[in-house]
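> Show me the folded form of this:
(2 chains)
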Amino acid sequence: MDREQVCLLKEIMEVSFVLDETSLYLDTHPNDERALRLHNNYAQKYSEIVSLYEAKYGPLQNHNMSQYPWAYINGPWPWEFDYRLC
Amino acid sequence: MWIYEKKLQYPVKVDTCNPTLAAMLLEQFGGADGELSAGIRYLTQRWTMPTDRAKGLLTDIGTEELAHWEIIGTLAWKLVKDASEEEIKGTPFEAHYVNHGKSPFPHNAAGAPWTANYIQSKGDPIADLHEDMAAEQKARATYEYLIQISDDPGVIDTLRFLRQREIVHFQRFGEALMIVQEDLDSRKFY
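Modelled structure (predicted):
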């Protein structure tokens, strides 16, 4: 397993978790401008880091673009990663 | 609709091979207060929610619960994937193994299969949000029992994360309840 891939995926998971939290909070506090700014900053960061990951390791979602051959199916799948590597 | 994202919500680290612990963790995979129940419960209740904020919240928490279900399945899988038949024999996982092999299955720790009887959707937003708040507390209590019986540091770390999420969801459902209550009050004219 590629340690670099594990590290980059964990970074994505971290940024993505911020978005999990900000979106739940915003669902019940839609007028909190400061929280919304935080959300938008991380949404931007998220799309940048996902592009970086996908260029190297293939799409995270099957709606995204892939190099030839179709790389979405490439392992390791999320339950197969050894997250202790990074 | 839903689109799968090829990642877990939290990095699942497992340090040991432990079929007994895997069998106990299935309580949260297919038990009454488990993640499958949570996801199906919240996603089912959306149609009759009166306010946009509650619709959004049930959608997002329901979706997060499916990600938690995936985390529990991963914990159970990693705890048994390297187990020999000798290591499985005599453990509570043995009864699971003779039917499902090493695949996780949505039943509880005692082997009772998942059923829709575990959830409610009353078509009444006040009743539903109270049910949801109670469900989060019951899941928190289950995670505390599981943390107490776990001796794998990686598993404990993941269970602590999931326990924390129950508390956040409880908080958000409480806010949604107040929002819905205010909305219903503002519509009443005598």
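> ok, residue 16 - contacts?
Assuming you mean chain A. Contact analysis of A:Ser16 by Cβ atoms under 8 Å, 6 or more residues apart in numbering or on different chains lists A:Tyr46, B:Lys7, B:Gln9. All C-beta atoms are positioned from the backbone trio N, CA, C, and that covers glycine.
> right idea, wrong chain: chain B
Counting by Cβ under 8 Å, 6+ apart, B:Thr16 has contacts B:Leu79, B:Asp151, B:Asp152.
> ditto for B:Gln120
B:Gln120 neighbours (Cβ under 8 Å, 6+ apart): B:Arg41, B:Ala127, B:Asp128, B:Glu131.
> For the contacts of B:Thr16, give me a markdown table that also has pLDDT, neighbour count and distance to chain A.
Below are these laid out as a markdown table (pLDDT from 0 to 100; neighbours: other Cβ atoms under 10 Å in any protein chain shown; distance: Cβ to the nearest Cβ, whole Å):
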| residue | pLDDT | neighbour count | distance to chain A |
| --- | --- | --- | --- |
| B:Leu79 | 98 | 26 | 12 |
| B:Asp151 | 95 | 10 | 17 |
| B:Asp152 | 97 | 19 | 12 |
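> Take those and write them to JSON lines, including secondary structure.
Formatted as JSON lines, these follow (DSSP: H, G, I helix; E, B strand; the rest coil):
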{"residue": "B:Leu79", "secondary structure": "helix"}
{"residue": "B:Asp151", "secondary structure": "coil"}
{"residue": "B:Asp152", "secondary structure": "coil"}
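> before we move on, the earlier item: so which of the contacts of A:Ser16 is the closest to A:Asp2?
Nearest to A:Asp2 among the contacts of A:Ser16, counting by Cβ to Cβ, is B:Lys7 at 15.1 Å.
> In the contacts of B:Gln120, which residue is surrounded by the most others?
Tallying neighbours with other Cβ atoms under 10 Å in any protein chain shown puts B:Asp128 at the head of the contacts of B:Gln120, with 26 neighbours.
> Apart from its neighbours in sequence, what residue is nearest it?
B:Gln45 (4.7 Å; Cβ to Cβ, 6 or more residues apart in numbering or on different chains).
> isn't the one you found right up against B:Ser121?
Yes - between B:Gln45 and B:Ser121 there is a contact under Cβ atoms under 8 Å: 4.9 Å.
> Can you work out which residues contact both of these two?
B:Asp128.
> Between these two, which is the more surrounded one?
B:Gln45 (25 against 18).
> how far away is that one from B:Trp69?
For B:Gln45, the distance to B:Trp69 equals 17 Å [Cβ to Cβ, to the nearest Å].
> Then B:Asp152?
20 Å.
> And B:Asp185, by the same measure?
For B:Asp185, the distance to B:Trp69 - Cβ to Cβ - is 36 Å.
> contacting residues for residue 51?
Reading this off chain A. So A:Ser51 contacts nothing (Cβ under 8 Å, 6+ apart).
> The chain in question should be chain B.
B:Ile179, B:Val180, B:Asp183.
> Skipping adjacent residues, who's closest to the last one in space?
If I follow you right, that is B:Asp183. B:Thr51 (4.9 Å).
> The second one now?
Distances taken as Cβ to Cβ, 6+ apart put B:Pro125 closest to B:Val180, at 4.9 Å, once the chain neighbours are dropped.
> Next, count neighbours for that neighbour.
Neighbours of B:Pro125 using other Cβ under 10 Å come to 22.
> what sits against it?
Per Cβ under 8 Å, 6+ apart, neighbours of B:Pro125: B:Thr48, B:Met49, B:Pro50, B:Ala54, B:Val180, B:Leu184.
> Can you show me the helices along the chain?
You didn't say which chain, so I picked chain A. Counting by DSSP state H, chain A has these helices, from start to end: A:3-28, A:33-57.
> try again with chain B
B:19-25, B:27-30, B:35-45, B:52-80, B:85-88, B:93-100, B:125-149, B:153-186.
> list the helices and strands the last one packs on?
It refers to helix B:153-186. helix A:3-28, helix B:52-80, helix B:125-149 (3 or more Cβ pairs under 8 Å, 6 or more residues apart in numbering or on different chains; DSSP states H and E).
> That concludes my questions; thank you for your assistance.
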